[in-house]
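Enquirer: following is a predicted model, sequence given first.
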Amino acid sequence: MKRHHTAAVAALACTALVLAGCGQDGESDSASLEACLTDPAGCNSGERADGGEVTWALDGSWGTWNQNTSEGNNAYVSAALVGMWPYTGQFDPGGEYLFNEGILASAPELVKEDPVTVEYTLQDGANWGDGTDITVDDFIYHWYATSGDESRCEGCDPANITRGSQVESITGDGAQVTVTYKDTYHSAEWQYEEILSSPAHVAEAEGFDWQNDPADMKAAEDFFSTTVPTWSTGPFKIDDAKVGEHVIYVPNDDWAGETEVTLDKVTFRVIDGLENIVTALRNGEIDGASPFSVTAETITQLQGAEGLEYAVAGGPSFEHIDLNTKNEFLEDPVLRQAIFTAIDIENIIARTYAYVQSDIERKGNHLFRNGSDYYTDYLSATGQGTGDVELAYDLLEEAGYELDAGVLRDPDGKAVELDFRYSESKENRRITGELVQANLADLGIKVELESIPDADLGTVLGEGDFDMIDFGWSSEPTFVAAASQYWETGSGSNFGALSDPDLDALIAEVNGTLDIDEAAVRANAAVEQVVQNAYSLPIVDTPVAVMVSDRLVNVRDNWASQQRAAYNIAEWGVAAE
Amino acid sequence: MVVFIIRRTLLMIPVLLGATILCFVLVDAVNDPVQDMVFEIQQSTGEPVPQSTVDALEASLYYDRSIPERYWLWLTGIGDTNGDIGLLKGEWGPSIEGSAMDIGYEISTRFWITLRLVLFATLASIGLAILSGVVSAVKQYSRTDYTLTFLGFLFLAMPVFWLGSLFKEGAVQLNKLLGSTIFQTYGSGSTGFQGNGWEVFLNSIPYLIVPTLVLMLGGYAAISRYQRASMLEVMNSDYVRLARAKGVRNRTVMRRHALRTALIPVATFAPLALSGAMGGAMVTESIFGWRGLGVYSLDAIRAGDTFVVMAYVLISGLVVLVGVLISDILYGVLDPRIRYE
C-alpha cells in the first residue's frame, strides 16, 4: 500500500504500543510479534511463499453486507469484508494513514478551502472486479446513501451522516473526482472521509433508478444489505459466504493495487468465545485471530502452545468511569472532583488489566493515546485518579461537606450514596467497581454495585440510569467528532448530561479548522476543560491480543483499524522456507 | 386413536399460543435493542447517530408499535407492515442482527444441524443406557452393578460445560499425539462445505465425535436407571418365573420375555428425550460451536432479539409437544393394557 506520511495523524511513538507478552522466546528481530514493541507497523514481516491458505477467526458475527447502514456498522462485518470493500484507506499500527492503492493513485488534494473542495485521483484501472471501472457515479451513490436526506434516499438508516449530509456536489472527469462540501463543513479530517461503498452500476443493473428515485435508492441499499458481494475493489474477491458465519476469499485478478497477493485462499470464520478460539488455534483448525478481549487464562494457554505467537497491547477502545451530573449529589463539581481524586487508578490497573499486559500504562487523555504526538497528560496534575483520600476530603470539607460517624453528608445534611454500574460479563469492570467502592468508603460514601446485562448497556446509558458507570469508547486515531459526541451539551452520547458552555465553545472550535494540528490543540483544550469538570476519568486502553500461527508472515495487530490484524490482508502470506 | 391424536393436536394450539404470549411479553418488556444498537453504532463510528436513523431502525424492527400490536403483527401479519412479519403469512419477522439474517431460513437450517447432533447422541445414549441398565439389573448388587451405577451418577453429576471442555482438551491432546486432525473442536462441518445430505454427514463426522460423546455420557445415566428398574421389575414377574420353571434357557428368557417388556418405558421415553435434547443442547452447541437452534436462541435471548426468540419458542415447543404425543401413542402401541378411546 502507498504510505502517506501525514502530520494529521495521531502518530504513535513506538514505545506507546507496548506489548506485554510475546510468544516464541528468543526471537526479537522483525520476523516476530515481539518486534511490535519497537516496530509496530513492520513486525512479524518476512518473505512469502507462493500459495497457501489461511483461516482467520472472528469473535463476533454480522447480519448484513452493507456497511453504510446502521445495522451494518459492525467491526466484524468490517473485518469480514476487508478483502473487497472500497475503503478510502487505513491507519496502520504506527498511526500512519495508508490510502487504498487499489482505488486512489495519490492522496486526496484540498483544492479549495471555502467551500471545502477535495479532488480524488483514481488509480489507473481501479475497478469493481467485474470488468466495470470505478466512476464518479459510485461516489455519488455513496453520498446519496449516507446523506440522511429523504429526498435522496427515502427511509434509509445510515449509521453516519456526518460527511454525507455535508456534501454539496460531486463531479467527475475521467480519473478525477471532485467533492465540494457545504459551507458548514470544516473537518480537519477531510482526507480520511469514506467515499465509496457499493457499485452504482450493479444497482442500475438490478433495475434501481437510484439517481432519480429516493425510494429506489433505499431499495438498492436494501439489496446490497442482503446480497453477498460478488464485486470487489480489493485484493481478494468472495468465493463463498454465509452471513454471520463465514467469508471465503480467493485472489482478485483484476485488483489495481501493486502489492502482490500470494495466498490462494483466505477464510474468515466466526468462532464465539475466547476459549474456543484458543482451543481451535492450538488444534490447528484456524491460523490466527485478533479477538476483542483477552484474559489471564488465555495467556497461560498460549504460553504453552507450540507453533504459535501472540502479543498483547492496548486495543481500539479505552475504559473510563463517567459520573452522572443529573444525580442530586453529583451535580456538585466539588464532589465529582473529590470522588475522582479518591479513586486509585494505578491500584485498579494493577489488579485488573496488568494481569494480561504487565507494562500497561494509565491513560492520561480521553482523545489521544499515550505516545501520540498530540498526547498531553491533563489528569496527573489535578490529583484525579491518585487515590489521595486526604486531598479529596479537604476539597469536600472546604465545600461544606461533613464526615459524620463515617458517613459523608452534603451541605444539606444528606448522606451521600451512589451506585456504580458495569456490564455483567466484564470481570475487570466488576473488580474496578469493588475497588472504587473501597476507595469511596474511605471518604464516607456508600457505593452500591449494580451489574448490567450486556445487551442493556446502551439502554442504561441512554436513559442515564446510573450514578457512576464504567464502560468503553473507541480510541481510534480520528478525534474531531469525538469531543462533540462525548461531551457537547445535548449530545445523545453525553450520557452523564454534562453541560458546560465553555466546553461547548471549545468543542465548536475543534470542528472549525481544516488544519489537523490546530484541531488537535483545540481538542486538547476541550479535554482539559472536561478534566476540570471531573466528568470522565479514563483508565487504560483496553488490552487485546493477536494470536498467530508461526507459519504466517506480515500478520500483526492494528489497534487503529476496525479490521485489526486484517488491515494489510494483501500482504499476508505463508513464510518462505 | 385418531380422535385422541386430533384432540391432542388441537390442544397444542392454546398451549403454544400461551407460551408465545408469555415469552413475547417477557423478552419485549425487558429489552430495548434499538437503544443498544444506537449505542454500539456510536461506539463504532465515534460520531452521533442521526435521529432519522433511529426512527428508521425502530420502524424496521416494529419498535415504533406497542407490545400488543407487535405481537399481533408477529402472529398474523395483518396491519401496517413492511411485508416481513406475520406467522400466518409465513414471515417470521425481522432480526436485529440485520436484514440479511432471515429468521425462517436460519431456523430451518439450524433445526437440521441440532437434529444431526442430538439424534446420534440420543440414540447412542439410549443404546448405552439399555446395555448398562440390563447388565446392572442382571448382575444386581454385584461389583459390575456398583461400577456401572457409580459411572452413571458420575457422568450425571458432571456439568455439561465442564465435561465438554474436558473432552475438547482431550481431543486436542489426542490429535497432537496422533499427529492428525481427526477430532475437530469447533463447528459442525468444514467452513463453506456444500453437498448432499450424505456428503454433509460424512464431512461432519470429525466434528460430531466429541460433542456426541459428551451428550451421550451426560444423558445416558438417567435412562439407564429407568432401564435397570424396569428390568428388575420384569425379571421378578410371574411370567418370567414361569418361563424359567418351564426350563427355557436363561438367555432366551432374558432376551425374549424380560427385555422386550422392560424396553417399553425406555421406548416411550425416547421421543421425549430427543425432543428435550433438541431444546436443551444449547450448552453443548456453545462449547463445540455447532450453530444450531440452541446457540441461535441463546444469542437471541442475550441480544433481546424478540422475533428470533419467538421462533425458537414456537419450534422447540412444537417439537416437545410432538415428542409427548408420540410418546403417548407408543405407550398404547407397545403396552396392550393401554387403550385410547
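Expert: That came through fine.
Enquirer: okay, CA-based contacts and neighbour counts for the rest of this
Expert: OK.
Enquirer: could you identify the helix or strand that succeeds the strand or helix carrying B:Tyr296?
Expert: Using DSSP states H and E, B:Tyr296 sits within helix B:293-303. Once the chain leaves helix B:293-303, the next helix or strand it forms, by DSSP H and E, is helix B:306-334.
Enquirer: list the buried residues in that next one.
Expert: Across helix B:306-334, burial judged by 16 or more other CA atoms under 10 Å in any protein chain shown covers B:306-332, B:334.
Enquirer: phi, psi of the residue nearest to A:Met217 when sequence neighbours are not counted?
Expert: Leaving aside its sequence neighbours, A:Met217 sits nearest to A:Trp210 (CA to CA, 6 or more residues apart in numbering or on different chains; 4.1 Å). The phi/psi pair for A:Trp210 (degrees, to the nearest 10) reads phi -70, psi -30.
Enquirer: surely A:Trp210 and A:Glu204 touch.
Expert: Yes - between A:Trp210 and A:Glu204 a contact is recorded at 7.4 Å, counting by CA atoms under 8 Å.
Enquirer: enumerate the residues of the stretch 101-250 of chain B near chain A.
Expert: Residues of the stretch 101-250 of chain B found near chain A (CA under 8 Å from any CA of the partner chain) are B:Met101, B:Lys168, B:Glu169, B:Val172, B:Asn175, B:Lys176, B:Thr181, B:Gln184, B:Thr185, B:Tyr186, B:Thr191, B:Gly192.
Enquirer: please compute how far the helix or strand hosting the second one lies from its chain's middle.
Expert: Looking back up the chat, that one is B:Lys168. Using DSSP H and E, B:Lys168 sits in helix B:160-178. Taking CA atoms, centre = their mean, to the nearest Å, the mean C-alpha location of helix B:160-178 is offset from the chain mean by 23 Å.
Enquirer: repeat for stretch A:70-82
Expert: For stretch A:70-82 - counting by CA atoms, centre = their mean - the centre lies 12 Å from the chain centre.
Enquirer: mind saving the C-alpha coords of that stretch as CSV?
Expert: Coordinates of each C-alpha in stretch A:70-82 appear next as CSV, following Å, rounded to 0.1, in the frame of the first residue of the first chain:
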residue,chain,number,x,y,z
SER,A,70,-26.9,1.3,11.0
GLU,A,71,-27.2,-2.5,11.2
GLY,A,72,-24.0,-2.9,9.1
ASN,A,73,-21.9,-0.7,11.2
ASN,A,74,-20.2,-3.5,12.9
ALA,A,75,-16.5,-4.3,13.4
TYR,A,76,-17.0,-7.9,12.4
VAL,A,77,-18.6,-7.2,9.0
SER,A,78,-15.9,-4.6,8.5
ALA,A,79,-13.2,-7.3,9.2
ALA,A,80,-15.0,-10.0,7.1
LEU,A,81,-15.2,-7.7,4.1
VAL,A,82,-11.7,-6.3,4.4
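Enquirer: near chain B at all, that stretch?
Expert: Yes - Stretch A:70-82 is in contact with chain B by CA under 8 Å from any CA, via A:Ser70, A:Glu71, A:Gly72, A:Asn73, A:Asn74, A:Ala75.
Enquirer: just those residues: which are in strands?
Expert: With strands defined by DSSP state E, no entry of these lies inside them.
Enquirer: turn those into a markdown table, columns for distance to A:Glu113.
Expert: Below are the residues of stretch A:70-82 next to chain B laid out as a markdown table (distance: CA to CA, whole Å):
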| residue | distance to A:Glu113 |
| --- | --- |
| A:Ser70 | 31 |
| A:Glu71 | 34 |
| A:Gly72 | 32 |
| A:Asn73 | 30 |
| A:Asn74 | 33 |
| A:Ala75 | 33 |
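Enquirer: what count of nearby residues applies to B:Ala303?
Expert: By the criterion of other CA atoms under 10 Å in any protein chain shown, B:Ala303 has 22 neighbours.
Enquirer: what's the longest helix in chain B?
Expert: helix B:197-235 (DSSP state H).
Enquirer: the helix or strand just after that helix: how far from the chain's middle?
Expert: Sequence-wise, the next helix or strand downstream of helix B:197-235 (DSSP H and E) is helix B:238-245. Mean C-alpha position of helix B:238-245 versus that of the full chain (CA atoms, centre = their mean) differs by 41 Å.
Enquirer: need the contact list for A:Leu418.
Expert: A:Ile445, A:Lys446, A:Val447, A:Glu448, A:Asp467, A:Met468 (CA atoms under 8 Å, 6 or more residues apart in numbering or on different chains).
Enquirer: which neighbours in the sheet does the helix or strand that contains it have, and how are they oriented?
Expert: Assigned by DSSP H and E, A:Leu418 falls within strand A:417-423. Applying DSSP bridges to the sheet, strand A:417-423 is found paired with strand A:446-452 (parallel), strand A:468-474 (parallel).
Enquirer: buried residues, it. List them.
Expert: Buried, per 16+ other CA under 10 Å, within strand A:417-423: A:Leu418, A:Asp419, A:Phe420, A:Arg421, A:Tyr422, A:Ser423.
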